[in-house]
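Undergrad: Return atomic coordinates for the entry below.
(one chain, ligands or ions: 7)
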Amino acid sequence: MLSPAIFFRTMIFILIFVSVWPTLICAGSYADSAHGSGTIGVNRGVPSDKGYVQGNCGHCHEQHASIDGVEPSPGNGAAAYSLFYQNFNSAAMSSPYAETDNFCFFCHSTLTSSGQSVANFDYSHSFGCGTLGEMDIRATMNQFSSHNLYDVYTFAKAEFSWFSDSSNPCNACHNPHLAKDNAGNPQDPTFSAISKPSDHANLWGAGATETMGNRFGLDYEPLFCDNSHTTREPTAGSDVIQARNSTPDYVGFCTDCHTATANIYSTSLGRYLKKIDWGMGGEKHGEARTDSRYPRNSSGVPIIGGGAAVQAPYAPVSLTQDYTLSCLDCHEPHGSPNGMLLRRRINSGDLGKTITALDESADDGVIPNDNKDIGYLCMRCHQDDKTRGAYSETEDNVWRYVHHGSEIDWDTPYCGGPATFPDTKLTCDGDGALRCHGWSGNGMGTPHCTDCHYHGSVVTITNGKCANDPDSTRKTF
Ligand code: HEC
Ligand code: HEC
Ligand code: HEC
Ligand code: HEC
Ligand code: HEC
Ligand code: HEC
Ligand code: HEC
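TA: Ligands and ions are numbered 1, 2, ... in the order given. Next up, the predicted model:
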């Protein structure tokens, strides 16, 4: 029996269906979409056997929960929007997700049911020249970290008026009637797969003003793709201008929800998320400039805009060059084997380690006494000691130089030479809230990177600050 709410929605749906159908067809947008395509589009076995051509709406919508009087498998009675199955199971509050938890998974997962098998890959593979990895959307969502679909559903419902109780959290970011195969046509941004939740009726990235190139110009540096260091994301082509103009403006996309003010709850993390401010007054990986103390002008006043020992293709940040990164330079959109949706491959290399722990809350005095795996992320774009050839370091992921390097022309926050135990000048109060090194053991502990480096982080430098540096506050992300 239909619940009154579903019955009401079904009636409304039939009305809209009849009135919208011509627009969807005539506008050509549905027919141009991946789902509506007569060659790669939707094509479930059961409707197909009944003569529905590939791309027909009936592969997703069953007008009366039946075809020829019988409900084809998967049977679930009538569902909202006359879909062949319930759109989203809001009782599934976290991953791993079963196929039946989300309507899309009947096709977007490897399957044996009545759906259709669609192969899709993660961003690191589709656009980052990475190895194969997971091969469908459900599998990418069932990894160590992922966008929590229940939270996306709850947030979108409260935030966007078109999003209903019966809507699907995937559709907060996609419009199933418009989405195209971007991975198959990465050089052409009109083949966008995404829609901003605040502009659900259009594709995002398809407009001339909606690419990273258009919005940030030379400030956006597309990452290297394969390890030849000649090709760029997202096309693996060598033309850097084309690469910029082929990358959708993911900053505009992600910050449609992750604004500098939105309170977003995460069931997976058990807390509200940090706010993301990518604007001029916000983060350095965003539009804010780096804040080098060197070089100084003739009056000894530091000039903003230098610093950062970055890896190619980034040029050493100069007074004229200031970069703005795409969210998808570091993150996956769906899920990842690393925490926080961090990509498994960035800037032409796989991360040296799978990052499942961001930090450890307590110093135990053992060397190495803390987890600094997050450094393997930074290494993809910044120079650790080995890359820089500092202190004859032979190990990966050691970061003495960027913090303590003593050259006068270099911008280090805790300068004054390499630390020698027990030189407290170079520490940040041993066991205090911000501790660079724990001294409780018999040597230098490993710094807690995420005490000082995270979205929105600002550090006040007390002990160890350079004698000639008047300003002791630095943005550290
Ligand atoms: C429709 C709104 C929406 C959009 C658009 C969106 N997010 Fe989120 N995001 C959320 C919500 C809700 C959460 C909290 C649930 C969670 O933790 O997964 C979240 C959580 C996250 C987290 C923390 C995940 C975790 O639990 O470990 C990251 C990282 C993230 N988003 C990155 C992104 C990136 C990158 C983009 C752009 C590709 C993006 N988000 C776009 C709603 C959104
Ligand atoms: C890939 C599956 C799929 C195909 C194919 C598909 N739809 Fe939908 N449609 C959906 C989903 C899912 C929703 C629910 C939207 C949500 O979650 O908010 C929906 C919702 C709708 C709605 C309600 C209003 C809206 O846009 O949200 C109408 C009307 C509609 N579809 C008509 C059509 C027509 C007409 C066609 C063919 C021209 C079609 N659909 C093809 C999946 C599909
Ligand atoms: C927070 C936003 C967000 C959510 C939620 C989301 N996606 Fe995506 N999705 C993206 C982005 C961003 C991309 C990469 C865009 C591109 O391909 O240009 C993407 C890509 C895709 C692709 C194409 C992948 C490829 O490379 O071939 C498919 C298919 C897809 N998503 C399906 C889904 C399904 C199914 C769900 C729900 C289980 C979902 N998405 C949830 C943002 C999202
Ligand atoms: C009946 C099977 C079916 C269902 C259900 C379905 N899809 Fe698809 N989807 C496909 C097929 C087939 C393609 C085209 C694959 C290709 O590019 O070869 C596709 C393509 C896409 C694309 C474009 C990227 C690409 O790989 O072409 C997105 C985005 C997408 N689907 C999202 C969704 C979302 C979100 C839902 C649920 C609301 C959904 N799909 C439900 C079969 C389905
Ligand atoms: C330079 C790499 C990098 C870029 C670029 C980046 N992130 Fe992150 N992001 C991280 C790291 C590392 C973390 C884990 C530390 C933290 O929580 O801040 C993270 C965590 C997050 C979280 C979870 C925050 C929390 O509450 O712990 C969200 C949400 C997020 N990122 C969204 C975004 C969005 C949106 C963008 C683009 C505007 C973006 N990120 C760009 C590296 C990056
Ligand atoms: C006590 C705080 C603190 C801790 C702990 C810390 N850092 Fe830093 N880090 C800083 C400050 C301050 C800067 C300078 C920011 C600036 O240039 O304005 C910095 C700069 C950096 C830079 C950018 C360097 C450049 O080229 O300008 C990287 C990369 C970095 N740190 C990585 C790490 C890693 C990896 C860890 C953990 C092993 C770590 N940091 C631990 C405070 C800290
Ligand atoms: C995808 C590449 C990329 C990754 C990954 C990355 N960064 Fe950066 N980072 C940059 C670029 C490029 C800049 C210069 C930004 C600018 O010009 O505003 C920068 C700037 C910085 C700065 C400011 C330096 C200054 O002199 O003001 C700090 C601090 C920093 N990064 C820390 C980190 C830490 C810590 C990590 C790892 C958790 C990290 N970054 C990961 C590319 C990256």
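Undergrad: What does residue 388 show for phi and psi?
TA: Backbone torsions of residue 388, given as degrees, to the nearest 10, read phi -80, psi -20.
Undergrad: so what's it closest to, chain neighbours aside?
TA: residue 401 (5.5 Å; CB to CB, 6 or more residues apart in numbering). Backbone N, C-alpha and C define where each C-beta goes, glycine included.
Undergrad: what about the one you found, distance to residue 372?
TA: 15 Å (CB to CB, to the nearest Å).
Undergrad: So for the two, which residue has more residues nearby?
TA: When residue 401 and residue 372 are compared for neighbours, residue 401 comes out ahead with 23 against 20, by other CB atoms under 10 Å.
Undergrad: contacting residues for the spatially most central residue of the chain?
TA: With distances taken as CA atoms, centre = their mean, the residue of the chain nearest its centroid is residue 331 (3.0 Å). Residues in contact with residue 331 (CB atoms under 8 Å, 6 or more residues apart in numbering) are 254, 340-343.
Undergrad: For ligand 3, what is the nearest residue in the stretch 351-477 of the chain?
TA: Closest to ligand 3 within the stretch 351-477 of the chain is residue 455: 16.3 Å, counting by CB to the nearest ligand atom.
Undergrad: What part of this protein, helix or strand, is modelled with the least confidence?
TA: helix 4-26 (a mean of 49; mean pLDDT, DSSP states H and E).
Undergrad: Thought residue 108 was touching residue 116, still the case?
TA: No - with contact defined as CB atoms under 8 Å, residue 116 does not reach residue 108; the gap is 9.1 Å.
Undergrad: of those two, who's got more company?
TA: residue 108 (23 against 17).
Undergrad: what element comes up after the least confident helix or strand of the chain heading to the C-terminus?
TA: helix 29-32 (DSSP states H and E).
Undergrad: That following helix and ligand 2, are they touching?
TA: Yes - interface with ligand 2: helix 29-32 contributes residue 30 (CB under 6 Å from any ligand atom).
Undergrad: switch to numbering from 354
TA: Taking 354 as the first residue, the last one we looked at is helix 382-385.
Undergrad: Buried residues in that helix, which are they?
TA: Residues of helix 382-385 classed as buried by neighbour count (16 or more other CB atoms under 10 Å): 382-383.
Undergrad: avg pLDDT for the helix or strand just after that helix?
TA: Next in sequence after helix 382-385, counting helices and strands by DSSP H and E, comes helix 398-402. For helix 398-402, the mean pLDDT works out to 86.
Undergrad: Does helix 398-402 reach ligand 4?
TA: No - Helix 398-402 lies out of reach of ligand 4 by CB under 6 Å from any ligand atom, never closer than 8.8 Å.
Undergrad: Now that helix - C-alpha only, CSV.
TA: The C-alpha trace of helix 398-402 is given here as CSV (Å, rounded to 0.1, in the frame of the first residue of the first chain):
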residue,chain,number,x,y,z
GLY,A,398,17.6,-6.0,-19.0
VAL,A,399,13.9,-6.2,-18.0
PRO,A,400,12.6,-3.1,-19.8
SER,A,401,14.9,-3.8,-22.7
ASP,A,402,13.3,-7.2,-23.2
